[in-house]
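1. sequence first, then the predicted structure, then my questions.
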Amino acid sequence: MCGIAGLLSFSGPVDRVRIDAMVGALAHRGPDDQGLLVEGGVALGMRRLAVIDLSPLGHQPMENEDGSVAVVFNGELYNFLDLRCRLIAEGHTFRSHSDTEVLVHGYETWGARGLLTRIEGMFAFALLDRRAGLLLLARDQFGVKPLYLRRAAGHLSFASELRSLVLDGLGKPGVDPAFLGSYLRVGFVPSPGCAFRGVEKLPPGTLLQVDVATGREEQATYYELRPLPRSSLGTGIDELAEQLEGTLDLAVRRQLVSDAPLGVFLSGGLDSSALTQFAVRHQAGRLQTYSIGFLGSDRGDESEDAAEVARLLGADNHCLRIDPASLDELPEIVASLGEPIGDSAILPLWSLCRSTRHGVTVALSGEGGDEALGGYGRYYWAAVGAALGERTPPGLGLVRRLAGLLPQRTHGPLNLLRRAGKFASTMELPEASRYLAWFDLFGAAERTALTGTADAVITGRVERLFKQGHALGLDAVQRMQYVDINTFLLDNLLLKSDRLSMAHSLEVRVPLLDRGVLELGLSLPIEAKVTRWQSKVLLRRLLRKKLPRAARRPKRGFEPPVDAWFRGGAGLRHRERLIDGRLAPALGFSRGAVQALVSRHEGGEDLGRQLFALLVLEEWAGLNG
């Protein structure tokens, strides 16, 4: 695992001071080594976190036998041992045991597209072909690893993080206010755009080829997620469960390969419990697991569930508990993110990564399980809507009225009623609008009151993705999964996982985003994903034998009790900051509208999620004002 950065100048030699600064800003991603390649108008740099081949032979930039190809690489290739054997049979000589070396020899043998269609893993890399005069930039199929780009006349720069990219000599980019409407609706900044002008993210599954002399670019998609042929799926629930078990087992087994200490994030929920169950099959010695709990509220705290799972599976669990004081760490957290994410899960994730790094260098995490295997209730309602078609069921108006009387946060049967009301109130809207209504961090009236910025960016992005889903022949549920994978998973879950883990020099791997798992999950019939009463139907089936209680647990989000924290004395200072802070002058927010939200929360409404999202913006505006 590493951080990478680079510069291309098409009008003269690059400035070595610039690439030194860019690489230095990534030291937290790679505390074990630094490497630079500077020649003419090309500069490549990296910081290394040693995970595979801990020796100096794993140093980057790494070259092939004759030095015609050089690469800097961030990530892990999970099938590198198989590819290594094939390349040795082709006559290549390996100097190291690093997975990085597979890239240079694989490119020689199979070319860029042939290499990218063969490698399995999470990655972003820059490969210099000296003979052809080309620089190739590539990102993994689902965007687990990041790569930011910035272009100017005669110049291209790239980096794993924004804090590195802005040191490329072009000056600090200005804030792009167009993202605000999208942020207030969904709580993140949609790709491929960015919160800064002139900066973009290389899309997942994409190869960008640049002529280092002229700057001419060719960008192509080398991977697009599609469902498997029906003929490759089991014919019944038992066969499907067996197929999923084999696919998950392979994914976890491959991602356990590490020359550095490895553990598992264990929340006690379905995904992390399943990862732990598969990991203990193959891990030598007792598996180390890491969990987190919340002081001051039982809601959202799964630490006891995690302890039970670890005990039943014979793992050693380490639990950390956080309290409202974790809000004080927001400045450092937001600085590490680079872009604002209004998800309160960044608080426990930050603390969990820091605590885990004291014990291991690598951790498996359950990101992607909801998107792959049917963890969200909205998938069920997508199936209901598809089954109804143009028919309007009787009693729809009553459901809407009853649901409108409920608070924003409900549990059990009341939560089902609230979701039914959401479905009833949106079923006549276009597909993209129905989807976005499930997120609505702030309602339309609140967004208008806070700032006049429209949510056109996320709306346009979601509309295009649904259109692509139709073109790929996906059904209603698959289309919603497809949109989730390319928005919420990509720009919220994976972004925060990468930045907050690497801020503590911790590598996080995501076996549930193995290509085989995700393709199978997308292809499963709806009854194997989610029903009215149950999510992740097939995964629960796999857990019933060894972890029966975990298999029965309802889905719970990884959220601290911010509603209570903002009401308590520890939250007073943060509420006051929202009222008196930088949002209004820096980002054009209405101070009166912010004050009204704070007053409503103090009066008893549960608006902790909304206040937290604004507090993140407040911190971000302070850093970038």
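-> Thanks, I have it. Bear in mind the structure is a predicted one, so any value in this text is a computation, not a measurement. Numbering: from 1, shown residues only.
2. okay, and the helix or strand of the protein with the least pLDDT?
-> Within the chain, no helix or strand scores below helix 396-404, which has a mean of 55 by mean pLDDT, DSSP states H and E.
3. residues in contact with Asp33?
-> By Cβ atoms under 8 Å, 6 or more residues apart in numbering, the contact list for Asp33 reads Arg47, Arg48, Ala50, Pro56, Gly58, His59, Gln60. For every residue, glycine as well, the C-beta is placed using N, CA and C.
4. list the beta-bridge partners for it.
-> Beta bridges link Asp33 to Arg48 when assigned by DSSP bridges.
5. gap between it and Arg47?
-> Separation of Asp33 from Arg47 (Cβ to Cβ, to the nearest Å): 7 Å.
6. same deal with Thr100?
-> The gap separating Thr100 from Arg47 is 14 Å, by Cβ to Cβ.
7. spit out the contact partners of Leu587.
-> Listed by Cβ under 8 Å, 6+ apart, the contact set of Leu587 reads Val175, Pro177, Leu180, Thr451, Leu617, Ala621.
8. go ahead and flag the most central residue of this protein.
-> By Cα atoms, centre = their mean, the chain has its centre lying nearest to Leu494, at 1.0 Å.
9. and the strands in the stretch 251-400 of the chain?
-> Assigned by DSSP state E, counting those that start in this stretch, the strands in the stretch 251-400 of the chain fall at 262-265, 288-294, 316-322, 362-364.
10. next, count neighbours for the closest residue to Met427 other than its chain neighbours.
-> Nearest non-adjacent residue to Met427, counting by Cβ to Cβ, 6 or more residues apart in numbering: Gly385, 5.6 Å away. Gly385 has 18 neighbours, counted by other Cβ atoms under 10 Å.
11. I'd guessed Gly385 sits against Phe423; true?
-> Yes. Using Cβ atoms under 8 Å, Gly385 makes contact with Phe423 at a distance of 7.0 Å.
12. next, count neighbours for Ala476.
-> Ala476 is flanked by 18 other residues according to other Cβ under 10 Å.
13. contacts only, for the closest residue to it other than its chain neighbours.
-> Of all residues not flanking Ala476 in the chain, Ala386 sits nearest, at 3.8 Å (Cβ to Cβ, 6+ apart). Residues near Ala386 by Cβ under 8 Å, 6+ apart: Asp475, Ala476, Val477.
14. separation between Ala386 and Gln478?
-> Counting by Cβ to Cβ, the gap from Ala386 to Gln478 is 10 Å.
15. over to Val537?
-> Distance of Val537 to Gln478, given as Cβ to Cβ: 16 Å.
16. swap in His59?
-> 43 Å.
17. so for the two, which sits in the more crowded spot?
-> Applying other Cβ under 10 Å to His59 and Gln478 shows that Gln478 carries more neighbours, namely 23 against 18.
18. helix or strand: which one has the more buried one?
-> helix 476-486 (DSSP states H and E).
19. mind giving me the packing neighbours of that helix?
-> helix 369-373, helix 377-388, helix 431-437, helix 456-471, helix 515-523 (3 or more Cβ pairs under 8 Å, 6 or more residues apart in numbering; DSSP states H and E).
20. and if we set it to 6 Å?
-> Using 3 or more Cβ pairs under 6 Å, 6 or more residues apart in numbering; DSSP states H and E, the elements in contact with helix 476-486 are helix 369-373, helix 377-388, helix 456-471.
21. chain center to the helix or strand just after that helix, what's the gap?
-> Per DSSP H and E, helix 476-486 leads on to helix 488 as the next helix or strand towards the C-terminus. Distance, stretch centre to chain centre, for helix 488: 8 Å (Cα atoms, centre = their mean, to the nearest Å).
22. which strands or helices does the helix or strand just after helix 488 pack on?
-> Reading on from helix 488 to the C-terminus, the next helix or strand found by DSSP H and E is helix 495-502. Packing contacts for helix 495-502, counted by 3+ Cβ pairs under 6 Å, 6+ apart, involve helix 346-357.
23. which residues touch the helix it packs on?
-> Applying Cβ atoms under 6 Å, 6 or more residues apart in numbering, the external contacts of helix 346-357 come out as 290, 292, 320, 322, 326, 333, 363, 496, 500-501, 504, 506, 560.
24. next one: the residue nearest to the centre of the chain relative to Leu337, how far apart?
-> Separation of Leu494 from Leu337 (Cβ to Cβ): 12 Å.
25. for the chain, give me the ranges with low pLDDT.
-> Flagging of the chain using pLDDT under 70 yields the residue ranges 1, 296-300, 389-422, 556-557.
26. quick check: the gap between the nearest residue in space to Glu618 that is not next to it in sequence and Leu615.
-> Distance criterion Cβ to Cβ, 6+ apart; nearest residue to Glu618, sequence neighbours excluded, is Gly581 at 4.6 Å. To Leu615, Gly581 is 9 Å away according to Cβ to Cβ.
27. go on, Leu623?
-> Computed as Cβ to Cβ, the Leu623 to Leu615 distance reads 13 Å.
28. looking at these two now, which is surrounded by more residues?
-> Neighbour count, other Cβ under 10 Å: between Leu623 and Leu615, Leu615 has more, with 24 against 12.
29. so the more buried one is in which element?
-> Assignment of secondary structure by DSSP H and E places Leu615 within helix 608-624.
30. drop anything exposed from the contacts of Asp33.
-> Among those, those classed as buried by 16 or more other Cβ atoms under 10 Å are Arg47, Arg48, Ala50, Gly58, His59, Gln60.
31. hmm, which two among those residues are most spread apart?
-> Taking Cβ to Cβ as the measure, the buried ones among the contacts of Asp33 reach their widest spread between Arg47 and Gly58, a distance of 12.8 Å.
32. what about Glu108, which SS state?
-> Following DSSP: H, G, I helix; E, B strand; the rest coil, we place Glu108 in the helix state.
33. not counting sequence-adjacent ones, nearest residue to it?
-> In space, and not counting its chain neighbours, Glu108 is closest to Asn64: 5.8 Å by Cβ to Cβ, 6+ apart.
34. count of neighbours near that neighbour?
-> Residues lying near Asn64 (other Cβ under 10 Å) number 19.
35. Val104 is in contact with that one, correct?
-> Yes. Between Asn64 and Val104 a contact is recorded at 4.2 Å, counting by Cβ atoms under 6 Å.
36. so which strand or helix has Ala564?
-> Using DSSP H and E, Ala564 falls within helix 562-567.
37. quick one: residues in contact with that helix.
-> Residues from elsewhere that reach helix 562-567, judged by Cβ under 6 Å, 6+ apart: Ser297, Pro324, Ser344, Gly571, Asp606, Gly608, Leu611, Phe612.
38. name the SS class of the fifth one, please.
-> The three-state label for Asp606, taken from three-state DSSP, comes out as coil.
39. and for it, the neighbour number?
-> Neighbour count for Asp606, taken as other Cβ under 10 Å: 16.
40. nearest residue to it in space, please, no chain neighbours.
-> Of all residues beyond its chain neighbours, the one nearest Asp606 is Asp563 (4.6 Å), with distances taken as Cβ to Cβ, 6+ apart.
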